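Trainee: build me a structure from this.
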Amino acid sequence: MIPTFVTDRARWPLATAGAVLAATAVAVPAHASAPLPALTPRAETPPLHDDEAGGNSDADDPAIWRNDADPDRSLVIAAVKEGGLRVYDLDARPVQSVAPPPAPGPDDAPGRFNNVDLVHGLRLGPSRADVAVTSDRGHDRLRIHRIDPARPGGPLTDVTDPAAPRVFSADQDEVNEQATAYGLATWTDRATGRSYALVSRRNRTAVALLELTGTATGSVTYRKVRTLELPSAFRLPNGATWTPCAEPGELPQVEGMVVDPANGMLYAGQEDVGVWRVRADLTGTPKLLDRVREFGVPGEYDEETEECVPGPDPGYGGTRLSADVEGLTLLAEPGGDGHVLVSSQGDDTFAAYDRELDEGNEYEGGFRVTAASTTLDGSEECDGAAALDKPLGRRYPHGLLVVQDGRETPAAPDREATGFKFVDLAKVRKALDD
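Mentor: Just a heads-up that it's a prediction; the model follows:
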């Protein structure tokens, strides 16, 4: 499986069974079948509601910003779709709400912030600043917000260049089809100092590399460097060709992504397939590290129920992840130790893989985030996660893990709710070390 590069796009042939199965032959440790540890959160954000009364806010993806001058005043910045961005303090209390841009026309979609990540020390005019970079699925653009904790009215200020281009779409008609910017991770190349966003495309297999650049006026724009297309079809050992079941016209998309800054490797979760590893500059050959349990299971889309009806399982799937693969984050300890953490949405668990490339990113265990009390519940159907393994003041001296909860305890009857849970990172380390 050697990709062929053209101008800005890498294309893949049909993935062969030998390549796929060899890439996923990760040794299963003896404790893999044991019950996973249950970790409890320390705090949770107020519930968000995806309805008119709740501002169409739907929790999705968090990022953790450390205030180096005062770690106790560090922040969690979260994408909440049509609700825009929310900023929380370390007690999970709201600090700021940032609305997405409005729809450009009466028949167009409004802004919809899907994923968020941070860039530290990006040059903005004559100075440097930390920024939050967000994928705006509604407009097929990136939005960039400067972070200033001393700013009156809230720490985030929109510094997106008004001329910043669409990521994938040629015009507004294509934007309205919603095959737009979706998942997102940032990366600063240590060799060059240049900063990038890696952005996936909704209902497609594409991942684009965008270079972020500051303008003389202090705004931020971006340009596309290249695009990688991951496989959408896989040849199985029984000779069949398998494509994950989806609504007609949709391909298996990527959302959760994270880059290991130590080695410049991108880890990308193709939701119905598994976890890929590839160079963050999108060159080289992607490797499928692990598969979802549903890998290879045939399915037929039922238009009446808008669901896929699965067929018999041929037994080619993995043992640790259940579709969808969602939030990915990095627990990066000094010396190359640490883990790539992956949200296994289908069974409400988190899987941890070693960061060591020469050891094949071995699976090293997992955990659940469960209720701490009748009022502080756990994380279910998790969409996004972020870890920061630096001291964050008196509340989290060992670091913090923030995970999305797709089924937050409702604040009112018959009303769906989402939110975020804050977990002491010391609990995560202990669970993975035991």
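
Trainee: show me where the stretch 301-434 of the chain has strands.
Mentor: Here the stretch 301-434 of the chain has its strands, by DSSP state E, counting those that start in this stretch, at 307-310, 325-332, 338-344, 349-354, 363-369, 385-388, 400-405, 419-424.

Trainee: longest helix in this protein, please.
Mentor: Across the chain, the longest stretch assigned as helix under DSSP state H is helix 425-433.

Trainee: list the contacts of the nearest residue to Gly311 once chain neighbours are set aside.
Mentor: Excluding the flanking residues, the one nearest Gly311 by CB to CB, 6 or more residues apart in numbering is Pro298, at 3.9 Å. In this view, the C-beta of every residue, glycine as well, is placed from N, C-alpha and C. By CB atoms under 8 Å, 6 or more residues apart in numbering, the residues touching Pro298 are 240, 242, 245, 310-312.

Trainee: residue nearest the centroid of the chain?
Mentor: Gly256 (2.8 Å; CA atoms, centre = their mean).

Trainee: so how far is whichever strand or helix holds that one off the chain centroid?
Mentor: Here Gly256 sits within strand 254-260, counting by DSSP states H and E. For strand 254-260, the separation from the chain centroid amounts to 5 Å (computed by CA atoms, centre = their mean, to the nearest Å).

Trainee: now stretch 329-340
Mentor: 17 Å.

Trainee: now list the buried members of the contacts of Pro298.
Mentor: 242, 245 (16 or more other CB atoms under 10 Å).

Trainee: and which of the contacts of Pro298 is nearest Asp377?
Mentor: For the contacts of Pro298, the residue nearest Asp377 by CB to CB is Pro310; the value is 29.3 Å.

Trainee: hang on, isn't that closest one packed against Gly296?
Mentor: No: in terms of CB atoms under 8 Å, Pro310 does not count as a neighbour of Gly296; the distance is 10.8 Å.

Trainee: helices of this structure, start to end?
Mentor: Using DSSP H, helices in the chain cover 17-23, 172-176, 425-433.

Trainee: what's the second one packed up against?
Mentor: Yep, that's helix 172-176 we're talking about. Using 3 or more CB pairs under 8 Å, 6 or more residues apart in numbering; DSSP states H and E as the contact test, no helix or strand touches helix 172-176.

Trainee: find the nearest non-adjacent residue to Ala92, please.
Mentor: Closest to Ala92 by CB to CB, 6+ apart is Ala43, at 4.0 Å.

Trainee: who's in contact with Arg143?
Mentor: Arg143 neighbours (CB under 8 Å, 6+ apart): 100-101, 111, 113, 133-134, 136, 158, 160.

Trainee: should've said Thr205
Mentor: Per CB under 8 Å, 6+ apart, neighbours of Thr205: 229-232, 251-254, 270.

Trainee: buried set for the lengthiest strand in the chain?
Mentor: The longest strand of the chain (DSSP state E) is strand 113-124. For strand 113-124, the buried set under the neighbour-count rule, 16+ other CB under 10 Å, comprises 113-119, 122-124.

Trainee: show me which of the contacts of Thr205 is closest to His398.
Mentor: Distances from His398 to the contacts of Thr205, taken by CB to CB, are shortest for Val254, at 30.8 Å.
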